[in-house]
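Undergrad: Sharing a sequence plus its predicted fold:
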Amino acid sequence: MDEIRMFTALRPAPPGSADQIRQRARARLDAALTEVPASPRPAYRVWRRHRLVLLGSGLAAAAAGAAIAVPAALPAGPQGSFVTSAWAVERNAHGTVTVTITKIFHDQARLQHALREDGVRANVRSLRRCAWEPRGGIREIRRHSKAITLRRTPKATTIVIRPAAIPDSGAVFLGGHIWPDGGRTSRSADSPKGTTVAVAIQYYAMDNNKPPVCSPLRPPIRVGR
Amino acid sequence: MRDPGCFAAIFDRHADAILRYASSRLGPEVAEDVTAETFLAAFRRRCHYDTSRRDTRPWLYGIAARQIGKHRRAEIRRLRMLGSIPPELLTEDFSDRSVDQVTARQFRPQLAEVLSGMPPRDRELLLLIAWAELSYAEAADALGITVSAVRSRLNRIRARTRKVLGGANPANTERENRYG
């Protein structure tokens, strides 16, 4: 007998839950396929390992300055809310925090400050020059997916943060950028090719509160306004 | 290949095999991550895929091998555990009492020792052939080496295995080669 065949016989039995494991892996791939541009440019490493959602023409129009639904520049509101012309942070009765975005991530530092003032450990960054890598990889994103979720409406994007679901020593991350070519490199943007801007958002929860690592984009994405 | 819908079909066709291979090497807990990461990596690299290839299987196994390589310590632990399980506690179906099965069961600790002690690149090649059941040419394609290199490395592995097992194949000495 060939020694190689002895190793064949040593192979462990396949897992009993193979179907479930395959379905979960498929779900993760499906999620990634809807989030990754169809014709990736090698330099756009932003697409690696992130929850990255391209938003459609409704928000794109808002990002271009056509429709701003949120009242402009109010400092701290009376009920734990913080509203600017680009975004609003609101504390809900059941303990969650809603971030409503109309002009994508203008003034990230202020948004980060507002979230932290509201008791949310958050890191907010622009995706213009960097993709931001969580320290710990894709598994922690899956594990803490309840901590931060995204919802789309025609007028705005809302990100719901559940502070109770953030790991004890962890934090949430929010990043965003404007896509100036109307989603030309994006399969999932609703807008027709080249007619408007599209918007990308990156979000996840991570195990630690250390700032995520910048993974430089070359060339940087140009802001379309 | 470059269309996401087409890529999903590739997943459906090959995911079971990749998952089984990853699970054999790292256990079911890590296999899900490895399978998902393998196909995500393949999707990202699809622009570099040589469309003249007739089969995507070696390409996928090559990517899976790199993903598995990130869990080297876990694999060594698993192999050592595999070798330390007493034969009476094994749960595999040994209804197939072929010479291969009986011999492998008998020399399980020694074979596990050979596997855990060999260089990672040799182990990768051996398991692509023995567990993933790739041919020599497919394994060479997956690892980016020549078929001659495959044969050379396998001969080295055979010699090392014989040495650990006491200098001779305990079952018989007839050399079979059904892979090439």
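TA: Okay, I see it.
Undergrad: Can you list the neighbours in contact with the host helix or strand of B:Arg162?
TA: Counting by DSSP states H and E, the secondary-structure element that holds B:Arg162 is helix B:147-164. Helix B:147-164 has contacts (Cβ atoms under 8 Å, 6 or more residues apart in numbering or on different chains) with A:2-4, A:6-7, B:110-111, B:113-114, B:118, B:121-122, B:125-126, B:129, B:136-137, B:139-140, B:143, B:168-169, B:180. C-beta coordinates here come from the backbone N, C-alpha and C atoms, glycine included.
Undergrad: hang on, B:Tyr61 packs against B:Tyr21?
TA: Yes. Assessed by Cβ atoms under 8 Å, B:Tyr61 is found in contact with B:Tyr21 at 7.2 Å.
Undergrad: Identify the contacts common to the two.
TA: Common neighbours of B:Tyr61 and B:Tyr21 (criterion: Cβ under 8 Å, 6+ apart): B:Ala132.
Undergrad: lowest-pLDDT helix or strand in chain B?
TA: For chain B, scoring each helix and strand by mean pLDDT, DSSP states H and E identifies helix B:99-106 as the least confident one, at a mean of 64.
Undergrad: Name the next helix or strand following that helix along the chain.
TA: helix B:108-117.
Undergrad: buried ones in that next one?
TA: Neighbour counts over helix B:108-117 (16 or more other Cβ atoms under 10 Å in any protein chain shown) mark B:108, B:110-112, B:114-116 as buried.
Undergrad: I'd like to know which of the contacts of helix B:147-164 are buried.
TA: Using 16+ other Cβ under 10 Å, the buried members of the contacts of helix B:147-164 are A:2-4, A:6-7, B:110-111, B:114, B:118, B:122, B:125-126, B:129, B:136, B:139-140, B:143, B:169.
Undergrad: Now intersect the residues you listed with the helices, please.
TA: Counting by DSSP state H, the buried ones among the contacts of helix B:147-164 place A:3-4, A:6-7, B:110-111, B:114, B:122, B:125-126, B:129, B:136, B:139-140, B:143 in helices.
Undergrad: What is the nearest of the residues you listed to A:Leu111?
TA: Nearest to A:Leu111, judged by Cβ to Cβ, of these is B:Leu143 at 47.7 Å.
Undergrad: what residues are up against the closest one?
TA: B:62, B:65, B:121, B:124-125, B:128, B:150.
Undergrad: Of these, just the buried ones, PyMOL syntax please.
TA: Here is the PyMOL selection string for the buried members of these, based on 16+ other Cβ under 10 Å:
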select buried, chain B and resi 62+65+124+125+128+150
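Undergrad: nearest to chain A, of the contacts of B:Leu143?
TA: Using Cβ to the nearest Cβ, B:Leu125 comes nearest to chain A of the contacts of B:Leu143, at 10.2 Å.
Undergrad: Is B:Phe7 in a helix, a strand, or coil?
TA: Look at B:Phe7: counting by DSSP: H, G, I helix; E, B strand; the rest coil, its state is helix.
Undergrad: If you could redo that for B:Leu60, that was the one I meant.
TA: What three-state DSSP gives for B:Leu60 is helix.
Undergrad: What count of nearby residues applies to it?
TA: 23 (other Cβ atoms under 10 Å in any protein chain shown).
Undergrad: Just give me the residue closest to the centre of chain B.
TA: B:Leu127 (2.6 Å; Cα atoms, centre = their mean).
Undergrad: Residue ranges in chain A under the pLDDT threshold?
TA: A:1, A:30-86, A:102-106, A:128, A:136-144, A:154-155, A:177-200, A:216-225 (pLDDT under 70).
Undergrad: all helices of it, in order?
TA: A:3-9, A:18-35, A:57-63, A:108-117, A:138-143.
Undergrad: quick one: contacts for A:Pro211?
TA: By Cβ under 8 Å, 6+ apart, the residues touching A:Pro211 are A:Asn123.
Undergrad: gap between it and A:Val124?
TA: From A:Pro211 across to A:Val124, the span is 11 Å (Cβ to Cβ, to the nearest Å).
Undergrad: Run through the strands of chain A in chain order.
TA: Secondary structure of chain A (DSSP state E): strands located at A:52-55, A:74-76, A:82-83, A:87-91, A:97-101, A:122-126, A:130-133, A:148-152, A:157-161, A:171-179, A:198-206, A:213-216.
Undergrad: The last one near chain B at all?
TA: So that's strand A:213-216. No. Applying Cβ under 8 Å from any Cβ of the partner chain, one finds strand A:213-216 out of contact with chain B, separated by at least 13.7 Å.
Undergrad: Does anything pack onto that strand? Which helices or strands?
TA: strand A:130-133 (3 or more Cβ pairs under 8 Å, 6 or more residues apart in numbering or on different chains; DSSP states H and E).
Undergrad: which neighbours does the strand it packs on have in its sheet, and in what orientation?
TA: Partner strands and pairing direction for strand A:130-133 (DSSP bridges) are strand A:213-216 (antiparallel).
Undergrad: what does the domain assignment say about chain B?
TA: B:1-70, B:97-180 (automatic domain parsing).
Undergrad: Just the mean pLDDT for the first one, thanks.
TA: I take that to be domain B:1-70. The average pLDDT within domain B:1-70 is 83.
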